[in-house]
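Engineer: only geometry, no sequence info:
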């Protein structure tokens, strides 16, 4: 357990830390990790408001994660529940009240809500103490609900959350709401940029770029862990990587509709024109004012490079589209091979191809899983960095769960319940 002075220091650090994060998925992870640490909670979840519903958006559970073995992430499904008094999270959002329950299996009976034990039964987990708080912005609007599960004492025994915890968690909820609102604004700006590309290229959807962004972060985390990269560096980089990966094809806004919307495979000449979306995308960030701008340009320019040097556009000047060796000459630059290709370009290449293979296109059906995995394995050392492919196979279960989290079409009946 933390001392009082440690708690004060941690409150300050958490607020500063959360406010540095820009990407929505990364900020949710950071919020829940830090707040769980403060309250010594075994598990937790965050629901975000979407219309009249709460969407189960992010969760952590140390007990279930430990069962999966070291360095394995918790795999979970998303679902939605109505904002009303029937569930714990719905009640918290509907009434904007903190709920502190010592044992969800021993409710008094006077509560309007019930605890749904289906998740516990399926996962063989025992939820006991729950502390749930609404996340409201400065205008008093509910953005979501943060829920902590199973407070622990120094010996790891499950205990109730204290009454004093209710006051402190309101502080965290306010900080979290501000960070979430800012991250949602950033995500929406990026998705609006993607929407411009989607108007031109039907393949460039919000679901596709969200998947590519999430895949890329997962691949980077696994790769970095194997390389022994410090966690603080990984956290800082993955925030920028996710947003940059979402913008990998933004240069397509400059490509002709005749090419982008052609309902068949491109001719050789058309494909040559299509290739220019790499440096055109990088050109959007040419006046780099931040590390993110540099990273976004790097990803846009390099995500079609291949490990064996057969990709494009090679060593070119994005400002002119000409070879770096002779900027005024037409044609592509000298090939990039191996580690000449920047790391995040190599990572997004794997993420983008994987999503393309598993997605339906006007000129092809989605590939079945065995064929996809065979293609990814075959590409190691030719198309892809072998170490990134190794990270791909190590994280395959998580990648599949990401694909389910960002479907191309969300069913209206996608509802379920889990732990309140």
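Structural biologist: Yes, it's here. Quantities reported herein were computed from a predicted structural model and do not represent experimental measurements.
Engineer: what about the stretch 201-350 of the chain, any weak spots by pLDDT?
Structural biologist: 201-204, 326-331 (pLDDT under 70).
Engineer: show me where it has its strands.
Structural biologist: 316-317, 322-323 (DSSP state E, counting those that start in this stretch).
Engineer: and the last one, how far out from the chain's middle?
Structural biologist: Taking Cα atoms, centre = their mean, to the nearest Å, one finds strand 322-323 lying 35 Å from the centre of the chain it belongs to.
Engineer: what's the answer for the first one, then?
Structural biologist: How far strand 316-317 lies from its chain's middle: 31 Å, per Cα atoms, centre = their mean.
Engineer: which elements pack onto that strand?
Structural biologist: Under the contact criterion of 3 or more Cβ pairs under 8 Å, 6 or more residues apart in numbering; DSSP states H and E, strand 316-317 touches strand 322-323. Every residue, glycine included, has its C-beta placed from N, CA and C.
Engineer: can I see the domain layout of the chain?
Structural biologist: Domains of the chain are assigned by automatic domain parsing as 4-183, 201-405.
Engineer: may I see the buried residues of stretch 220-240?
Structural biologist: Across stretch 220-240, burial judged by 16 or more other Cβ atoms under 10 Å covers 220, 221, 222, 223, 224, 234, 235, 237, 238, 239, 240.
Engineer: now do that stretch: everything it contacts.
Structural biologist: 21-23, 26, 30, 71, 217, 241, 291-292, 295, 343-344, 347, 387-388, 390-391, 394-395 (Cβ atoms under 8 Å, 6 or more residues apart in numbering).
Engineer: from those residues, keep the buried residues only.
Structural biologist: In the contacts of stretch 220-240, the ones that pass as buried (16+ other Cβ under 10 Å) are 21-23, 26, 30, 217, 241, 292, 295, 343-344, 347, 387-388, 390-391, 394-395.
Engineer: looking at the domains of the chain, which is nearest to residue 189?
Structural biologist: domain 201-405 (9.6 Å; Cβ to Cβ).
Engineer: contacting residues around residue 380?
Structural biologist: Neighbouring residues of residue 380 by Cβ under 8 Å, 6+ apart: 386, 389, 390.
Engineer: redo those as JSON lines? Include pLDDT.
Structural biologist: As requested, those are arranged in JSON lines below (pLDDT from 0 to 100):
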{"residue": "386", "pLDDT": "98"}
{"residue": "389", "pLDDT": "98"}
{"residue": "390", "pLDDT": "98"}
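Engineer: and the residues you listed, which is closest to residue 190?
Structural biologist: Using Cβ to Cβ, residue 389 comes nearest to residue 190 of those, at 27.1 Å.
Engineer: quickly note the distance from the residue nearest to that closest one when sequence neighbours are not counted to residue 182.
Structural biologist: Once flanking residues are discounted, residue 389 sits nearest to residue 380: 3.9 Å by Cβ to Cβ, 6 or more residues apart in numbering. Using Cβ to Cβ, to the nearest Å, we find residue 380 at a distance of 39 Å from residue 182.
Engineer: what does residue 83 give?
Structural biologist: 23 Å.
Engineer: quick check, residue 96 in contact with residue 135.
Structural biologist: No - judged on Cβ atoms under 8 Å, residue 96 makes no contact with residue 135 at a distance of 10.0 Å.
Engineer: tell me which of the two has more neighbours.
Structural biologist: Set residue 96 next to residue 135 and count neighbours by other Cβ atoms under 10 Å: residue 135 wins out with 28 against 14.
Engineer: near residue 107, how many residues? Count them for me, please.
Structural biologist: Burial of residue 107 is recorded as 14 neighbouring residues (other Cβ under 10 Å).
Engineer: ok, it touching residue 115?
Structural biologist: Yes - counting by Cβ under 8 Å, residue 107 does reach residue 115; the two are 6.7 Å apart.
Engineer: counting by contacts, list what the helix or strand residue 183 falls within packs against.
Structural biologist: Using DSSP states H and E, residue 183 sits in helix 163-200. Applying 3+ Cβ pairs under 8 Å, 6+ apart, one finds that helix 163-200 contacts helix 4-20, helix 24-39, strand 99-101, strand 130-136, strand 142-152, helix 206-227, helix 231-246.
Engineer: quick one: those as CSV, columns for distance to residue 192 too.
Structural biologist: What follows is the helices and strands packed on helix 163-200, written out as CSV (distance: least, Cβ to Cβ, whole Å):
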stretch, distance to residue 192
helix 4-20, 23
helix 24-39, 14
strand 99-101, 36
strand 130-136, 24
strand 142-152, 20
helix 206-227, 10
helix 231-246, 12
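Engineer: please name whichever of those is nearest to residue 368.
Structural biologist: Of those, nearest to residue 368 by Cβ to Cβ is helix 206-227, at 17.9 Å.
Engineer: the closest one to helix 163-200, inter-axis angle?
Structural biologist: Per axes from the mean of the first three to the mean of the last three Cα atoms, to 10 degrees, the angle that helix 206-227 makes with helix 163-200 is 120 degrees.
Engineer: can you give me the angle helix 206-227 makes with helix 231-246?
Structural biologist: Using the same axes, to 10 degrees: helix 206-227 against helix 231-246 is 150 degrees.
Engineer: tell me the angle helix 206-227 makes with helix 24-39.
Structural biologist: Using the same axes, to 10 degrees: helix 206-227 against helix 24-39 is 50 degrees.
Engineer: so who does residue 136 touch?
Structural biologist: Residues in contact with residue 136 (Cβ under 8 Å, 6+ apart) are 96, 142, 143, 173, 174, 177.
Engineer: tilt between the helix holding residue 183 and strand 142-152?
Structural biologist: Using the same axes, to 10 degrees, helix 163-200 lies at 130 degrees relative to strand 142-152.
Engineer: mind listing what's buried along helix 163-200?
Structural biologist: So helix 163-200, judged by 16+ other Cβ under 10 Å, has buried residues 165, 168-169, 172-183, 186-187, 190, 193-194, 197-198, 200.
Engineer: again with stretch 84-97
Structural biologist: Buried residues in stretch 84-97, counting neighbours by 16+ other Cβ under 10 Å, are found at 87, 88, 89, 90, 91, 92, 93, 94.
Engineer: identify the residue spatially nearest to the last one, adjacent ones excluded.
Structural biologist: Put plainly, it is residue 94. Distance criterion Cβ to Cβ, 6+ apart; nearest residue to residue 94, sequence neighbours excluded, is residue 83 at 5.0 Å.
Engineer: that neighbour against residue 49, yeah?
Structural biologist: Yes - checked against Cβ under 8 Å, the pair residue 83 and residue 49 is within contact range at 7.1 Å.
Engineer: tell me which of the strands of the stretch 201-350 of the chain sits most buried.
Structural biologist: Among these, strand 316-317 has the highest mean neighbour count (mean count of other Cβ atoms under 10 Å), at a mean of 20.
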